[in-house]
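> I need the structure of the sequence given here:
(one chain, ligands or ions: 1)
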Amino acid sequence: MIQKILIANRGEIALRIVRACRELGIKTLAVYSEADVQSLHVQLADEAICIGGPKSADSYLRADRIISAAEIADVDAIHPGYGFLSENAKFAEQCESCNIKFIGPKSKSIKMMGDKAVAKDTVKKAGVPIVPGSDGPVENEAEAVKIARKIGYPVIIKAVAGGGGRGMRIAHNDISFAKEYHVARNEAEKAFGNGAVYIERYIEKPRHIEFQILADSHGKVLHLGERDCSVQRRHQKLIEESPSPFLTSDLRKKMGKAAVRAAEAASYENAGTIEFLVDAKGNYYFIEMNTRIQVEHPVTEECTGIDLIKQQILVANGEKLSFDQGDIKFEKHAIECRINAEDPSRNFAPSPGTIGLYYAPGGHGVRVDSHAYSGYVIPSHYDSMIGKLICFGTTRKVALERTYRALSEYIIRGIKTTIPLHKAIMADPVFIEGKATTAYMEDFMSRTPPDLFS
Ligand code: ADP
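Numbering: from 1, shown residues only. Below is the predicted model:
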């Protein structure tokens, strides 16, 4: 059995992993940057090792230092969390070759699903619908225009190595295509060191609906239902909920089966997510697989009662999943709001600094996953998420009312946050009626006076 785990991450997810390990009786080693000395995960882990300077490139992305820390502290496994090295096939491979368990899929599955073109091709062969588009990366501008015309405008140009909503451009005709094609290539080269792009039909006002997968190393692949992540700003998720107010039980069944087939096609092990876009008619298309735990995993945990981080650890330990598809019950409705240190009334400008008073909401059906506390200094080096509020109840109505209530209780002084914005959304008829698509945020921001969320 795994005795000690190194947590190769920071913030709320590092804390989440410490908590799961504690309940399983597993020791934890936190690795941290100089900017995170005061972070809760460092204080709560059994051991902690500083691995470098504040910049991610000097610490959380330094595979060599993380592996050294793992060897010094004699850990059996590494949990990568999300972001940083979590989808880095080379890092997973290094762990494998050092005989340290990587808590995630095998490196070959990461590689396969990390290349979006290969991923689409793989799931297509397994009978999962994909967005019509180029077969893999496009060679040059002339070929690209030809393909764009064939697919039909509007099209979206995406970086093969993209992620986190970056490296995507939309074109509505030949003229804008020529421009956007070059912008996308340059951006991709800068951000990912790989300028290769591919083209897809741009689905107008879709919903983003993803399925949580859990698979063991004995060939069992299950899905734990969906999360509707349509409320996004610049392709970054802000609110996630389950079940999706849009899906019928028939469509849910079909998509769940498709998600399992997609994971099977990648010989997938551990927790992962299959993302789909769904158009107004209910046509669904695979867009990508995330080969790691996701920010929004608590939504699924509260709906199903299954602890995904513990399951990840048990699977990595070689254990069989102790339940079957039919045993998974979806008894709750859950909504997650991402609490970011940003000022929504100033175009979401980052708002790092010192938190004065911090008071998190509680009560029936409320969960807060956060590493923040009174007096915590938010470093400016990392992403702006400082916590997640997850509220759940027997119906969507209860979950909505509870989310509004909990947001009203949440106090974070000294910095700007997305709390007032979430409150305004929870009171917005379009969201309340379950009608939000990925176009929702732009529309909401354009018709809502900024003083409502500042
Ligand atoms: P990333 O890996 O950067 O997260 P994804 O491929 O998962 O990129 O897409 C992120 C978001 O971008 C989707 O949730 C959706 O809002 C938008 N998007 C991606 N592909 C399309 C498409 N073909 N049509 C319309 N919107 C898209």
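> need the strands for the stretch 1-150 of the chain, in chain order.
In the stretch 1-150 of the chain, strands defined by DSSP state E, counting those that start in this stretch lie at 4-7, 27-33, 47-52, 77-79, 101-102, listed in chain order.
> Outline the domain layout of this protein.
With domains defined by automatic domain parsing, the chain comprises 4-103, 132-201, 207-453.
> weakest of the ones you listed by average pLDDT?
Taking the mean pLDDT of each of the domains of the chain, the lowest value is held by domain 132-201, a mean of 91.
> Let me see the contact set for the residue nearest to G81 when sequence neighbours are not counted.
Counting by CB to CB, 6 or more residues apart in numbering, G81 lies nearest to N9, which is 3.1 Å off, once chain neighbours are set aside. Heads up, the C-betas are built off the backbone N, CA and C, glycines and all. When contacts are counted by CB atoms under 8 Å, 6 or more residues apart in numbering, N9 is found next to 17, 60, 79-84, 86.
> for those, which one is nearest K435?
K435 lies nearest to Y82 out of those, by CB to CB, at 28.7 Å.
> List the contacts of the closest one.
Residues in contact with Y82, defined by CB under 8 Å, 6+ apart, are 9, 13, 292-295.
> what about burial for those residues, which qualify?
Neighbour-count burial (16 or more other CB atoms under 10 Å) applied to the contacts of Y82 gives 9, 13, 292-295.
> Next, give me the two most distant ones among these.
If you compare every pair in these using CB to CB, the most distant one turns out to be N9 and Q294, at 12.9 Å.
> could I get the domains of the chain as TSV with distance to the ligand?
What follows is the domains of the chain, written out as TSV (distance: least, CB to the nearest ligand atom, whole Å):
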stretch	distance to the ligand
domain 4-103	10
domain 132-201	4
domain 207-453	4
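> Tell me which of these lies nearest to K124.
domain 207-453 (7.9 Å).
> can I assume D228 is in contact with P206?
No. Contact status for D228 versus P206: not in contact, 11.3 Å apart, counting by CB atoms under 8 Å.
> Give me the more crowded residue out of the two.
Neighbour count, other CB atoms under 10 Å: between D228 and P206, D228 has more, with 25 against 21.
> Following element in sequence after the strand or helix carrying S408, please.
Secondary structure assigned from DSSP states H and E places S408 in helix 396-409. In the C-terminal direction, the helix or strand that comes right after helix 396-409 (DSSP H and E) is strand 411-412.
> Sheet partners, orientation included, of that next one?
Strands flanking strand 411-412 in the sheet, each with its direction: strand 358-359 (antiparallel) (DSSP bridges).
> could you point out which element follows the strand it pairs with?
With DSSP H and E, the next secondary element past strand 358-359 is strand 366-370.
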